[in-house]
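Engineer: Structure of the sequence below:
(chains A and B)
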Amino acid sequence: SQKIEQNSEALNIQEGKTATLTCNYTNYSPAYLQWYRQDPGRGPVFLLLIRENEKEKRKERLKVTFDTTLKQSLFHITASQPADSATYLCALDINNAGNMLTFGGGTRLMVKP
Amino acid sequence: DTAVSQTPKYLVTQMGNDKSIKCEQNLGHDTMYWYKQDSKKFLKIMFSYNNKELIINETVPNRFSPKSPDKAHLNLHINSLELGDSAVYFCASSRKGITDTQYFGPGTRLTVL
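Structural biologist: All right, here's what the predicted structure looks like:
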């Protein structure tokens, strides 16, 4: 069964709007969570890491929240641009053993001009 | 200056053959990984090596054998290829393990006919 859930349906938004992607997990208490971007035909690229004691983290137009009670992370892209179109993956260490990242299935974001 | 490189980028072969994929990182990282991304885009870890020593071997058939001649290289050898082995294989590296950013290679698309 899927341990980390991301919306498998593509998210289509208009340029300039804020995109919000969701990552839900069950039965774990990860110490941190990572977000990656993957473009077609390329490897994932690291974007942000947020730790369990951090509620929110920002990097330029990106913002990540981490709610350990809801077991959910939200990934926001403000003032979205067509160049932001890609698949976004969340990943966490479900074993907290510090040796293995488990990735969600990713959500494809399409930003239309 | 490619950080993590893989060869070949594409590999088409017949069932039953043996093939290898090479990976090299020039980042000076201690930990290297092999991931498999299937047609549904799920990215799953296969192996993790730290300083040339195997750390993780997820439920991967023993037809898959990683080899790390030195800290900068982690090659993947696959014996007796099967149709189900068709996927994109990504090599990645990180400085000290999964709490650090993982840098992915461009991927090798393996097609088994």
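Engineer: How about the contacts made by the residue in chain A positioned nearest to chain B?
Structural biologist: Among the residues of chain A, residue A:43 lies nearest to chain B; the distance is 3.1 Å by C-beta to the nearest C-beta. Glycine gets a C-beta too; all of them are placed from N, C-alpha and C. When contacts are counted by C-beta atoms under 8 Å, 6 or more residues apart in numbering or on different chains, residue A:43 is found next to B:4, B:90, B:92, B:104-107.
Engineer: Once you drop chain neighbours, what's closest to it?
Structural biologist: For residue A:43, ignoring the flanking residues on the chain, the nearest one in space by C-beta to C-beta, 6 or more residues apart in numbering or on different chains is residue B:104 at 3.1 Å.
Engineer: Okay, and the beta partners of the one you found?
Structural biologist: As for beta bridges, residue B:104 partners with residue B:92 under DSSP bridges.
Engineer: Roughly how far does it sit from residue A:85?
Structural biologist: When distance is defined by C-beta to C-beta, to the nearest Å, residue B:104 is 19 Å away from residue A:85.
Engineer: what's the most distant pair in the contacts of residue A:43?
Structural biologist: Using C-beta to C-beta, those reach their maximum pairwise distance at B:92 and B:106, which is 11.1 Å.
Engineer: higher neighbour count, those two?
Structural biologist: More crowded of residue B:92 and residue B:106, by other C-beta atoms under 10 Å in any protein chain shown: residue B:92, with 28 against 17.
Engineer: Residue B:36 is in contact with the more buried one, correct?
Structural biologist: No. With contacts counted by C-beta atoms under 8 Å, residue B:92 stays clear of residue B:36, the gap being 11.8 Å.
Engineer: Is residue B:84 in a helix, a strand, or coil?
Structural biologist: The three-state assignment at residue B:84 reads helix, by DSSP: H, G, I helix; E, B strand; the rest coil.
Engineer: ok, residue A:48 - how many residues close by?
Structural biologist: For residue A:48, the neighbour count with other C-beta under 10 Å is 19.
Engineer: Run me through the strand neighbours of the one helix or strand it maps to, direction for each.
Structural biologist: Residue A:48 is located in strand A:45-51, with elements delineated by DSSP states H and E. Strand A:45-51 has these partner strands in its sheet, going by DSSP bridges: strand A:32-38 (antiparallel).
Engineer: residues in contact with the partner strand?
Structural biologist: A:23, A:44-52, A:62, A:64, A:66, A:73, A:75, A:86-93, A:101, A:103, A:106, B:99, B:101-102.
Engineer: again, 6 Å this time
Structural biologist: Defining contact as C-beta atoms under 6 Å, 6 or more residues apart in numbering or on different chains, one finds that strand A:32-38 is touched by A:44-51, A:64, A:66, A:73, A:75, A:86-92.
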